[in-house]
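Asks: take this sequence and fold it.
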Amino acid sequence: MTFSFLRTLALLLSVTTALTAGAAASQSPPTAAESPRTRPLPLDLAAALQLARRSGPGARVVEARRDAAVGRARESTQYPNPTLEWRRENLGSALDPDIFATAYIPLDLTGRRLALRRAGQAGRTRAGADALAQQRDAELQVARAWLRAALTEGSVQIARQQRDAMQEIARVDAARLQEGVIADAVALRTGLEADRARVVVATAAGEAARARAELARILGVPDDQLPLLAPLAAPALPEGPDSSRVRELVRTTRPELAAREAALEEARAKARAEQRGMLGDVQLQGGSKETGGFLTGQLGVALPFPLFNRNEGARQRSRGELAEALALRDDALLAVRGDVVAAWRAYAEIRRTVTQAGSFSTRGREVATIARVAYGEGQASLVELLDAERAAAESMTMHLRWAAEAWLARLEFERALGARLDADGPLDLPLLASLLTSGS
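Replies: Now for the predicted structure:
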């Protein structure tokens with residue numbers, strides 16, 4: 001009995017030391033070359049969002065697309081330039097030269113240019129709303145990339161702890177095999193499980209490296225300059241607005257709807273402009289003429305006659321664009337409603353699992369500890385120990401995955417409400433302090 005107790009105590013101490021070695025190493029005091037003042041802070045989600053807004057390629061692409069869209073909206077709204085002409089005739093003859101100085105000024109008597117300018121104003125509104133929606137989507141992509149990177153790094157830590165524990169169990173069983181306490185098959189199995197744990201660590205480390213590289217790309221920094229990530233912890237999950245309040249918020253907070261409404265108004269204005277475009281701009285001409293030594297004035301009017309071109313193609317095109325804009329607006333209404341309802345339900349479901357999922361990691365460690373004690377005392381078989389170890393690893397990994405899913409459900413819910421993923425404070429629902437009217 002005393003020998004069994006001492007063996008159990010030695011096994012527990014060894015496994016505990018292996019499990020805490022990684023955490024102790026990560027919390028070691030900084031060296032002289034790396035003081036707390038010079039060591040960079042861990043990159044949490046808020047810092048990742050701020051960094052992406054400053055240097056991320058997504059923000060730069062959104063800004064470039066907005067400028068291009070505004071420029072396209074302004075192209076058709078520009079008034080035509082007047083034309084100045086100076087002409088000298090009778091060159092190379094005995095006649096006195098005739099010198100003309102004429103100005104041509106186009107006049108919009110039909111109001112087509114005015115309708116195009118209204119379309120341009122709606123186009124600029126559409127471009128701004130589209131850019132805001134794209135920025136919200138880009139920020140959500142940043143959050144997803146950070147969550148994936150933090151999840152994979154946490155999985156690596158769990159795999160390393162499991163590897164260290166299995167290696168220690170295999171070492172103890174190898175010693176027990178030499179003493180004749182256990183059979184060869186038991187020691188062979190524990191050695192096999194230790195090798196399997198090493199492979200799991202290698203696989204998890206590779207996945208974490210790929211996730212970090214993807215996060216660095218999205219943040220716009222070299223992968224070797226990406227700071228260490230803050231540990232992934234579950235977010236606060238406050239109660240969100242009810243479904244009726246969510247539906248009320250949709251029409252006023254989603255920039256996609258504002259963009260489609262502006263696009264519809266833009267198409268209507270362009271359709272009116274093309275209806276008025278059957279008759280082109282009237283051109284007023286005025287200037288001076290010097291001939292035979294006399295200086296006289298001249299005045300004229302040029303009116304295009306709609307004989308062959310009645311702008312029928314442009315009118316048909318504008319009618320098609322108007323019908324398309326109306327269909328896209330209706331589709332956006334349905335899509336946004338479905339998006340926000342689905343996000344609301346997903347958030348409500350994830351909140352219901354807080355009590356169970358929040359203790360996955362703790363309960364997993366307890367299962368592994370109990371199984372190790374029982375195995376050391378001979379009260380549990382090797383199969384039961386390995387099952388418990390795997391259950392512990394799966395529980396701790398599931399806790400990390402649940403934390404990532406909880407963050408994602410919260411962020412997607414806030415995005416569905418049109419809110420900005422604010423990095424200046426906690427993401428309290430509903431975060432509606434930065435909507436379409438307050439810009440990006």
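
Asks: got the residue ranges for the helices in this protein?
Replies: Along the chain, the stretches classed as helices by DSSP state H are 2-26, 45-55, 57-75, 112-178, 184-219, 243-253, 255-276, 312-351, 354-357, 360-376, 382-416.

Asks: now those in JSON lines, with mean pLDDT?
Replies: Formatted as JSON lines, the helices of the chain follow (pLDDT from 0 to 100):
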{"stretch": "helix 2-26", "mean pLDDT": "44"}
{"stretch": "helix 45-55", "mean pLDDT": "88"}
{"stretch": "helix 57-75", "mean pLDDT": "92"}
{"stretch": "helix 112-178", "mean pLDDT": "91"}
{"stretch": "helix 184-219", "mean pLDDT": "92"}
{"stretch": "helix 243-253", "mean pLDDT": "73"}
{"stretch": "helix 255-276", "mean pLDDT": "93"}
{"stretch": "helix 312-351", "mean pLDDT": "91"}
{"stretch": "helix 354-357", "mean pLDDT": "85"}
{"stretch": "helix 360-376", "mean pLDDT": "82"}
{"stretch": "helix 382-416", "mean pLDDT": "86"}
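
Asks: out of the ones you listed, which is closest to P235?
Replies: Of all the helices of the chain, helix 382-416 sits nearest to P235, with 5.1 Å by C-beta to C-beta. From N, CA and C alone the C-beta is placed, and that goes for glycine too.

Asks: quick one, that closest one and helix 184-219 angle?
Replies: Angle of helix 382-416 versus helix 184-219, following axes from the mean of the first three to the mean of the last three C-alpha atoms, to 10 degrees, is 10 degrees.

Asks: list the buried ones in helix 382-416?
Replies: Of all the residues in helix 382-416, those buried under the rule 16 or more other C-beta atoms under 10 Å are 382, 385-386, 388-389, 392-393, 395-397, 399-416.

Asks: what's the closest of the helices of the chain to L226?
Replies: Comparison of the helices of the chain against L226 by C-beta to C-beta identifies helix 184-219 as nearest, at 4.4 Å.

Asks: what about the residue nearest in space to the middle of the chain, distance to T397?
Replies: The centre of the chain sits closest to Q141, judged by C-alpha atoms, centre = their mean, with a distance of 2.4 Å. In this view, Q141 and T397 are 24 Å apart by C-beta to C-beta, to the nearest Å.

Asks: would you mind measuring from Q178 to W407?
Replies: Taking C-beta to C-beta, one finds Q178 at 49 Å from W407.

Asks: same thing with A368?
Replies: Using C-beta to C-beta, we find A368 at a distance of 26 Å from W407.

Asks: over to R163?
Replies: Distance, R163 to W407, using C-beta to C-beta: 27 Å.

Asks: now swap in G71 and tell me
Replies: From G71 to W407 the distance is 38 Å (C-beta to C-beta).

Asks: try P231
Replies: P231 is 13 Å from W407, by C-beta to C-beta.

Asks: again, but for E290
Replies: The gap separating E290 from W407 is 81 Å, by C-beta to C-beta.

Asks: kindly report the same for Y79.
Replies: Computed as C-beta to C-beta, the Y79 to W407 distance reads 52 Å.

Asks: let me know how buried P97 is, in neighbour terms.
Replies: For P97, the neighbour count with other C-beta atoms under 10 Å is 12.

Asks: look up the closest residue to it, ignoring the ones flanking it.
Replies: Counting by C-beta to C-beta, 6 or more residues apart in numbering, P97 lies nearest to N90, which is 4.9 Å off, once chain neighbours are set aside.

Asks: pretty sure the one you found sits against E290.
Replies: No: with contact defined as C-beta atoms under 8 Å, N90 does not count as touching E290 (11.2 Å).

Asks: and the residue nearest to L333 when sequence neighbours are not counted, what does it touch?
Replies: Among residues not flanking L333 along the chain, L257 sits closest, at 6.8 Å (C-beta to C-beta, 6+ apart). Counting by C-beta atoms under 8 Å, 6 or more residues apart in numbering, L257 touches 250-251, 329, 332-333, 336.

Asks: for T190, see how far away Q167 is.
Replies: 9 Å.

Asks: between these two, point out the one with more neighbours.
Replies: Legend: neighbour count by other C-beta under 10 Å for Q167 and T190, higher for T190 (25 against 20).

Asks: hmm, D173 and that one touching each other?
Replies: Yes: at 4.5 Å, T190 counts as touching D173 under the criterion of C-beta under 8 Å.

Asks: excluding covalently adjacent residues, which one is nearest to D108?
Replies: Spatial nearest neighbour of D108, excluding adjacent residues (C-beta to C-beta, 6+ apart): D281 at 5.8 Å.

Asks: residues in contact with the residue of the chain most remote from its centre?
Replies: When distances are taken from the C-alpha mean of the chain, A94 lies farthest, 77.3 Å away, according to C-alpha atoms, centre = their mean. Under the criterion of C-beta under 8 Å, 6+ apart, A94 has no neighbours.

Asks: report pLDDT for it.
Replies: pLDDT, A94: 81.
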